[in-house]
Structure formats: structure tokens, C-alpha cells
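Q: The sequence and its predicted three-dimensional model are supplied below.
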Amino acid sequence: MDVDYLIAGQGIAGTLLSYSLLQAGQRVLVIDEYKPNSASRIAAGVINPVSGRRFEMAWMYEQLYPFAVQTYRQLEELLNVPVFKERDLWMALPSEQLRTAFNNKTTQGLASQYTHTADAALWDAWLHQPYGAAIVKGATVLLQHLLPAWRQYLDNKGALWQERLDPDLLQFGQQTPGLQYKGINARAIIFCEGAQIIHNPWFKHIPFLLNKGEVLKVRVPGLDTENIIKKSITMVPQEPETFWVGSTFVWDYPDEAPTPEKRAFLEDGLQQLLKVPYQVLDHQAGVRPSGKDRRPIMGLHPRYPALGLFNGLGTKGCSLAPYMADLLTRHLLQGAPLLPETDIKRYFNE
């Protein structure tokens, strides 16, 4: 059996890259062992145009967002499932200092197109918001629909192996084009493994920063909104009265299991935000990778051009993945240059 590209992993990176390559007429085979607590599968898929407590515009947002909207709408039509939803982020400002920072940053320049002040009284019966509120125009990618629907699509096309890739079985040479894996011939394999990349023998020297995040699923009786609600924690609507609540951020952790300490942290954030009772339905944890410069890491290995990487999308993965997957596809097929700040060669040059 011959394919053009093997793809290891089917999180948001592997999903969007395999879609992009198929759209370009390539034959792909995705190899992925299903992991329910992978970072992509427990993420809320939030797209937010402003970042951090300084309310800076997200990197390349003017290019990334329109491309993401177009791509996710195409996937909706192809898969016949809801994939993308524009939403307001209702921000209950946590302090006078941050209210001032928001007003200073978002009333001028590019950020003013995506933000405006809000009438906090509209949510006064539900939320603690003594410093007022603001609205940011954002979106969510409905990963709970997209990832399984794309997996089924690949399976129906015979383009999915549901197993863990064994790197010891890859056969390739430094000078020889292409590779073989279990009887499959391919031009290259692109690793989209998420946190598992630290075990990859060809890319393990790249200084990925792994961090563990924990999230809750909660029910808030009577609270039915399409808005994302944000203060010290973020509440993202899932079903009526049901919300994803997250997330925590830890560099040092003994394992991937949920912890009582982080559940308590998230519940404390809920209690500071909500004036009404809630019920915890589930508690999950996962590990996400990012580059030390918070930029994607992508491209072909300079010594072994049959090995490639698409990883390190971090917490902005849903906004980054469509544009970056398209860029990597054009790099692979046409030799189009990668952005220097995302090119894997920056680590090999070091």
C-alpha cells in the first residue's frame, strides 16, 4: 500500500493537517491510539482575540481568524456536524486595576474591533461582578463534535489505523527519500503527537514545555446562555445548563490524574463568580505541549527529510491549526517557506 503522508496523532493538529493534505489531493494515513484525556479532547476550543491580563491582541489574529472561520465552516459542510460557533466572551472584570487595563487597551487600535464595555446589570442575578464587565468577540471550536466526526470520516475512507505508532518499525535512510512502516510506503511521516513528542527519538531534544491542565464539567440549574463567561476561571457552554470550567496550569506534576487541589481551585473560582448553586458532573486532566517561545513547531527534520513535525500549538491551537496546517501543506508540496518563528530549523540551528 502506498500513501503520500503518514500522520501520527489525531488531535487538533493531526485533524487539520490531514484535512489540509486531503484537500490538496494527497493520500494520507492517520495512525492514532484513542486517548480520552488528550489535550485536544478535553479542551474547550476557545478562540479569543486578546491574550492575558494585558489584553494584547493575539499573535497574527487578523490572518488566523478569517482562515479558521472558513476552514471550520468547510468541515461543518463536509462532516454534517456543528463545528464552529461565534460567541461573546462575557468578562466579569476581577479588579479595578484590570478594568482600567481593559479600558486602556481596548478602546484604540485593532483590539477595539473585538471588544466593548458591557451592562453588568444584565447578569447581576447570576454573577459577582463588582468591577463591571466587558465583552470580547470570540468563538469556540466544538471539538466534541469535530474530532470524532473526522475520525469516523477517516475510518470510512480507510485512512485511519487505530493503534499506537511504534517508532522502531519505521524504516528510512538519511539519503533515501521516503519511508516504510508495516508495509506502507510514504513520502514522509508528520508527527502530531501532542505531549507524546517528548518520547520521540528524533525530536526529543527540542525543548517542549509540557503543562498539565485540569477542567470540570458542571451543571448550573437555570443558567442557559451561549456566552462564554470568564473571570479567574472560564465557563464555556456545552449543553443547556452545562458548562466546561477551566483551566489550571501546572509545570510540575507526578502524573496525569485529576487532583483534589486543582478541583478545589476551580471550585473556588466558580464560587467567586457565581451567585447561584452548581453541581460538578465530571473532573478531567490532560497534558498540553508548547514551545518555549509559545509558537508552533513545524517542518521537516533537516537530517531526515522523511520525518516531520507539527506540534506546540498550545492553548491557541484552535485558532492556529487551520492556517498553520495549510502553510505546512504548501511547504511540503510546493516548497513554500514556513514562518521563521515557527520553522523547526530554529531548534536545529541552535
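A: Arrived safely, thanks for sending.

Q: Show me the strands in the stretch 151-300 of the chain, by range?
A: Assigned strands in the stretch 151-300 of the chain, in chain order: 160-161, 171-172, 179-181, 184-186, 188-191, 209-219, 228-230, 234-239, 242-246, 279-290, 297-300 (criterion: DSSP state E, counting those that start in this stretch).

Q: could you dump these to JSON lines with distance to Leu333, mean neighbour count and mean pLDDT?
A: Placement of C-beta: from N, CA and C, glycine included. Below are those laid out as JSON lines (distance: least, Cβ to Cβ, whole Å; neighbours: other Cβ atoms under 10 Å; pLDDT from 0 to 100):
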{"stretch": "strand 160-161", "distance to Leu333": "22", "mean neighbour count": "20", "mean pLDDT": "98"}
{"stretch": "strand 171-172", "distance to Leu333": "19", "mean neighbour count": "16", "mean pLDDT": "91"}
{"stretch": "strand 179-181", "distance to Leu333": "17", "mean neighbour count": "18", "mean pLDDT": "95"}
{"stretch": "strand 184-186", "distance to Leu333": "14", "mean neighbour count": "17", "mean pLDDT": "96"}
{"stretch": "strand 188-191", "distance to Leu333": "11", "mean neighbour count": "25", "mean pLDDT": "98"}
{"stretch": "strand 209-219", "distance to Leu333": "31", "mean neighbour count": "20", "mean pLDDT": "93"}
{"stretch": "strand 228-230", "distance to Leu333": "37", "mean neighbour count": "24", "mean pLDDT": "95"}
{"stretch": "strand 234-239", "distance to Leu333": "36", "mean neighbour count": "19", "mean pLDDT": "95"}
{"stretch": "strand 242-246", "distance to Leu333": "36", "mean neighbour count": "23", "mean pLDDT": "95"}
{"stretch": "strand 279-290", "distance to Leu333": "26", "mean neighbour count": "18", "mean pLDDT": "92"}
{"stretch": "strand 297-300", "distance to Leu333": "12", "mean neighbour count": "23", "mean pLDDT": "96"}
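
Q: any chance of the ones you listed in a markdown table, with distance to Ala264 too?
A: Conversion of the strands of the stretch 151-300 of the chain to a markdown table gives the following (distance: least, Cβ to Cβ, whole Å):
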| stretch | distance to Ala264 |
| --- | --- |
| strand 160-161 | 39 |
| strand 171-172 | 49 |
| strand 179-181 | 45 |
| strand 184-186 | 47 |
| strand 188-191 | 36 |
| strand 209-219 | 11 |
| strand 228-230 | 20 |
| strand 234-239 | 17 |
| strand 242-246 | 13 |
| strand 279-290 | 11 |
| strand 297-300 | 34 |
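
Q: Out of these, the one nearest Leu338 is which?
A: Closest to Leu338 of these, according to Cβ to Cβ: strand 297-300, at 5.5 Å.

Q: What are the contacting residues of the closest one?
A: Contacts with strand 297-300, where a contact means Cβ atoms under 8 Å, 6 or more residues apart in numbering, come from 188, 206, 208, 291, 306-312, 324, 327-328, 331-332, 338, 342-345, 347.
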